[in-house]
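Asks: Build me a model:
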Amino acid sequence: MPIYFGHKQVTKPDGSTPDSWHAYLCAHCGSEASGVVIGYARDTNNPAVNHVVWLQCPTCHYGSVENLGRGVSPGIAFGPKIEGLPPDVDAAYEEARRCLSVNANTAAEGICRKILMHLAVDKGATEGKSFASYIDYLEEKGYVTPPMRDWVKLIKDHGNEAQHRLKAPDRKRAEGTLLFTAQLLRSVYEMGHIAKQFSPEPPKSQGSAAV
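Replies: Numbering: from 1, shown residues only. This next block holds a predicted model:
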């Protein structure tokens, strides 16, 4: 185990040297940053290597930390950002993305399953029904087309397995579940949201002229 020397092993660069800056992808704002190195600690077994680097993003000013062999924390949220989501659906989807950023695969798949309920209830279904009934409801209302049904069902099935079996889902399956969820949300919400940006505004009614 490496010897810990406390503050003695922490160096605080002043910005005038190359080790004052460190390229990374900021998880807080998504920018490719030339991060400000607030401080770094060398690996006591290999003084030429940084064991820990504390970073501040020059764009959003939030902090991150890079640990030797473990990458940067917080990690980048997996999956695409979806526009036009209702607040509760957006919160659940972003939580699933963040779960995958820390390899919490079981939690991610469970949340994706729950998003089916959020979506169906938002579109008029009754809360507290079975998840299978939510898929039936979304299909009945035209939000899930026949070609979509098989992979939408996988969201439910993977979520069920994640919640009710001891074995954790592997990373690849969890990523697939989230991408299926993202595609569903795009079909139901984002495409309509984007279409409104290009739709002509309805003509304004003309009020009666003043006498």
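Asks: Only C-alpha atoms from now on, for both contacts and neighbour counts.
Replies: Fine.
Asks: which residues of the chain fall in strands?
Replies: Here the chain has its strands, by DSSP state E, at 10-11, 21-25, 32-43, 46-56, 63-67, 71-73.
Asks: Now do the shortest one: distance to the chain's middle.
Replies: Yep, that's strand 10-11 we're talking about. 33 Å (CA atoms, centre = their mean, to the nearest Å).
Asks: So which other helices or strands are in contact with it?
Replies: In terms of contacts (3 or more CA pairs under 8 Å, 6 or more residues apart in numbering; DSSP states H and E), strand 10-11 is packed against strand 32-43.
Asks: The strand it packs on pairs with which strands, parallel or anti?
Replies: The strands beside strand 32-43 in its sheet (DSSP bridges) come out as strand 10-11 (antiparallel), strand 21-25 (antiparallel), strand 46-56 (antiparallel).
Asks: so residue 35 touches residue 57, yeah?
Replies: Yes. Counting by CA atoms under 8 Å, residue 35 touches residue 57, with 5.0 Å between them.
Asks: what does the helix or strand bottoming out on mean pLDDT in the chain contact?
Replies: Using mean pLDDT, DSSP states H and E, the weakest-scoring helix or strand in the chain turns out to be strand 46-56, at a mean of 81. The contact list for strand 46-56, computed with CA atoms under 8 Å, 6 or more residues apart in numbering, reads 22, 35-43, 62-68.
Asks: List the buried residues for it?
Replies: Buried positions in strand 46-56, judged by neighbour count with 16 or more other CA atoms under 10 Å: 51, 52, 53, 54, 55, 56.
Asks: what separates it from the chain centre, distance-wise?
Replies: Taking mean C-alpha positions (CA atoms, centre = their mean), strand 46-56 and its chain are 27 Å apart.
Asks: same thing with stretch 89-101?
Replies: On CA atoms, centre = their mean, the centre of stretch 89-101 falls 5 Å from the chain's centre.
Asks: what does stretch 160-171 rub up against?
Replies: 103, 105, 106, 107, 109, 110, 113.
Asks: how deep is the last one tucked in, by neighbour count?
Replies: By other CA atoms under 10 Å, the residues close to residue 113 number 26.
Asks: quick one: it and residue 136, what's the gap?
Replies: 14 Å (CA to CA, to the nearest Å).
Asks: now swap in the fourth one and tell me
Replies: Distance of residue 107 to residue 136, given as CA to CA: 24 Å.
Asks: Tell me which of those two has more neighbours.
Replies: residue 107 (21 against 15).
Asks: how far away is residue 45 from residue 17?
Replies: From residue 45 to residue 17 the distance is 23 Å (CA to CA).
Asks: who touches residue 62 in this structure?
Replies: So residue 62 contacts 28, 56 (CA under 8 Å, 6+ apart).
Asks: What does the pLDDT read for it?
Replies: Looking at residue 62, its pLDDT is 93.
Asks: show me what contacts the nearest residue to residue 39 once chain neighbours are set aside?
Replies: Computed as CA to CA, 6 or more residues apart in numbering, the closest residue to residue 39 that is not its neighbour in sequence is residue 12, at 4.3 Å. Listed by CA under 8 Å, 6+ apart, the contact partners of residue 12 are 37, 38, 39, 40.
Asks: Residue 38 contacts residue 19, correct?
Replies: No. Contact criterion CA under 8 Å: residue 38 and residue 19 do not qualify, at 10.2 Å.
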